[in-house]
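*Asks:* Below are the sequence and a predicted model; questions follow.
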Amino acid sequence: MNNKIKKQLAHDIFTVFANTPLDFEKIQKLLEKPKDPSMGQLSLPVFLLAKELKKAPPAIATEYASKISDIKINYLQSCESVSGFINFKFTSEFLMLELQGLLGQEAMGYGDQGHGKRLVIDYSSPNVAKPMNIGHLRATVIGQAIRNLAASQGFEVIGLNHLGDWGVQFGKLAWAYQQWKSEYDFEKAPFKSLFDMYVRFHDEAENNPEYDEHGAATFRKLEAGDPEVTDLWKMFVEISLKEYQHLWDRLGVKHDLVRGESFYSDQLEGTVQKIKDQGLLKLSQGAYVVEVGEDVPPCLITKSDGASLYATRDLASAIYRHDVLKCDVNLYVVGVDQTLHFNQVFKVLELMGYEWAKDCHHISFGMYRFKNIGKMSTRKGRAIFLEDVLNKSVELAKEIIQEKNPDLKAKDIVAEQVGVGAIIFNDLINDRVRDVDFDWDRILDFEGDSGPYIQYSAVRCKSVLRKYKSQHNISDTDFEQHMSKFDVSEVELETEELNLCSLLLGYSQILTDSYDKFKPSILASYVLDVARTYNGFYNKLRILNADQPSDIEKRIYLTYSANKVLSEGLRMLNIQTPEEM
Ligand code: ARG
């Protein structure tokens, strides 16, 4: 069910409650899905009225259910009271008509809260010369999903890659390269060489403190625009972006702009000056800071040697996003470990007098917890690299597919869709603020709460539709036409059909709720619910060989609708739907 239908019902019944504390808005808020779907599609609890009317809720419900029945609302099949609730059953025709309306919309069920507004979303944003790790997976898939959700609400979205491409580590890397380049194979394995060099620098620096000095000096050269060091830095960025692009392609991630930290180099002085002009800059142990409140440590703006920091670059970047990109909403999809950082940055912006600081949001997320990591080796024993996780998942998916469906064509393509989809879904099904359990058995459980289970359900719909089309010798385009002309009058829905239909009607509402809370998990668990409900329908009812031709048509229409919602929902979550699996 969705708010549109709730609103309509509330509008049509609120006069019955005149002289009680239940007004139009309250009724709309109170209308909920009954726990037991056989009770109807919406339910209104009346406990709130007990005190005022000095009656027991069951008696109130009975009285008002009968009053509502008396006004004869044409889209209601019945309105009955059960222990303090008024339960509403809608006519099948009304529900099917609503479903038709939802599917008929150009972009299914899209909201309009973002019309005329621009939204910047910063996501994935890895650090040059370092492999994307499993933590970046969250920043990547949650970010891309929220990006899709924002677009569904009508926002003009700019996906931004705030690449970690500036800081003293690039001086270190450039110096390391100058010393050791001949020992690495940059032709064959550029990114690996870069990372190995980075690790080696840090290992050796422990016993060679002068390394850090070399690194710092080389970074100063980079800052001063030294051509040789600048060329090296450019090469590092290029090698890294190429490596990440490969992963972004696999995950279906698209940024519109790369605005790495280096991009703000020439805006830092101006930013610090603005802070100074506001009288906010304080000298503290040789460094410049802004005090942001009693419970929060001060925000470091420049180090004692004058060098800028991560926060300085984020301040410049926020101003750029507002002043140049002209964004109305500015989102940062970054782990919970950077909460303090964003609190400080947003607070400094507020103190600088930017009223738009309130439109900046840190979309934080929890960390991964590993269960049976045994199935995956880790390089260096510490970080878990995203690429290894994806490869492993695809490999496992392939084994399962091989076993379940040995004759499947294009196994490699399907294994990639299923393996990658499984990893994405396992991430997104979790409320982002919580930590995520990483458990291979669950991630790839084709019968469990998993990505493959949903993909499998969509594939099941597609296979039913394919059979129908071939039985009726109908082309894909003709089939779409045929479905859009489905006649809803005189349709009677059985329990499983009713459940499916009223669940599907909630799709557009779910997109809005999911965006409003910046929680793709709301959409993910809805899609799971649709898959489960469709499977219940499929197992209980005969579809292609139903007795009545009208039942076949009706169930095909519901299968067609379920397939649309499943495929669209998965697309929003950036998960692909195979044709067969
Ligand atoms: N590069 C950072 C990291 O990987 C994330 C950057 C997030 N965005 C930002 N504007 N600070 O940890």
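*Replies:* That came in fine, so what should we check first?
*Asks:* Apart from its neighbours in sequence, what residue is nearest residue 358?
*Replies:* residue 350 (7.7 Å; Cβ to Cβ, 6 or more residues apart in numbering). In this view, the C-beta of every residue, glycine as well, is placed from N, C-alpha and C.
*Asks:* just residue 94 next, same as before
*Replies:* residue 75 is the one closest to residue 94 (Cβ to Cβ, 6+ apart), at 3.8 Å.
*Asks:* How about the backbone phi and psi for the one you found?
*Replies:* The phi and psi values for residue 75, taken as degrees, to the nearest 10, are phi -90, psi 0.
*Asks:* Help me confirm that it comes into contact with residue 91.
*Replies:* Yes. With contact defined as Cβ atoms under 8 Å, residue 75 reaches residue 91; the gap is 5.6 Å.
*Asks:* Let me see the ranges of the helices in the stretch 1-150 of the chain.
*Replies:* 3-13, 24-30, 50-53, 57-70, 92-104, 134-152 (DSSP state H, counting those that start in this stretch).
*Asks:* hey, least reliable of these by pLDDT?
*Replies:* Here these differ in mean pLDDT, and the lowest is helix 50-53 at a mean of 86.
*Asks:* From the contact counts, what lies against that one?
*Replies:* In terms of contacts (3 or more Cβ pairs under 8 Å, 6 or more residues apart in numbering; DSSP states H and E), helix 50-53 is packed against helix 57-70.
*Asks:* can you list contacts of the helix it packs on?
*Replies:* By Cβ atoms under 8 Å, 6 or more residues apart in numbering, the surrounding residues in contact with helix 57-70 are 13, 16-17, 45-47, 49-50, 53, 55, 76, 78-86.
*Asks:* Could you do stretch 191-207 as well?
*Replies:* Contacts of stretch 191-207 (Cβ under 8 Å, 6+ apart): 129-131, 169, 172-173, 175-177, 180, 184-186, 211-212, 215, 236, 239-240, 242-243, 380.
*Asks:* list the contacts for the residue positioned nearest the centre of the chain?
*Replies:* Nearest to the geometric centre of the chain sits residue 145, at 2.9 Å (Cα atoms, centre = their mean). Each residue near residue 145 by Cβ under 8 Å, 6+ apart is listed here: 428, 520, 523, 572-574.
*Asks:* next one: residue 567
*Replies:* Residue 567 touches 458, 577, counting by Cβ under 8 Å, 6+ apart.
*Asks:* part of a helix, is it?
*Replies:* Yes. Under DSSP: H, G, I helix; E, B strand; the rest coil, residue 567 sits within a helix.
*Asks:* Run through who's touching stretch 399-410.
*Replies:* So stretch 399-410 is contacted by 411, 414-415, 418, 444, 446, 452, 580-581 (Cβ under 8 Å, 6+ apart).
*Asks:* what comes up buried for it?
*Replies:* 400-401 (16 or more other Cβ atoms under 10 Å).
*Asks:* what does stretch 523-536 give?
*Replies:* So for stretch 523-536, counting by 16+ other Cβ under 10 Å, buried means 523-528, 530-531, 533-535.
*Asks:* nearest to residue 95, of those?
*Replies:* Closest approach to residue 95 among those (Cβ to Cβ): residue 533, at 14.1 Å.
*Asks:* I'd guessed that closest one sits against residue 500; true?
*Replies:* Yes. Counting by Cβ under 8 Å, residue 500 is a contact partner of residue 533 at 5.2 Å.
*Asks:* so residue 369 sits in a strand?
*Replies:* Yes. Applying three-state DSSP, one finds residue 369 inside a strand.
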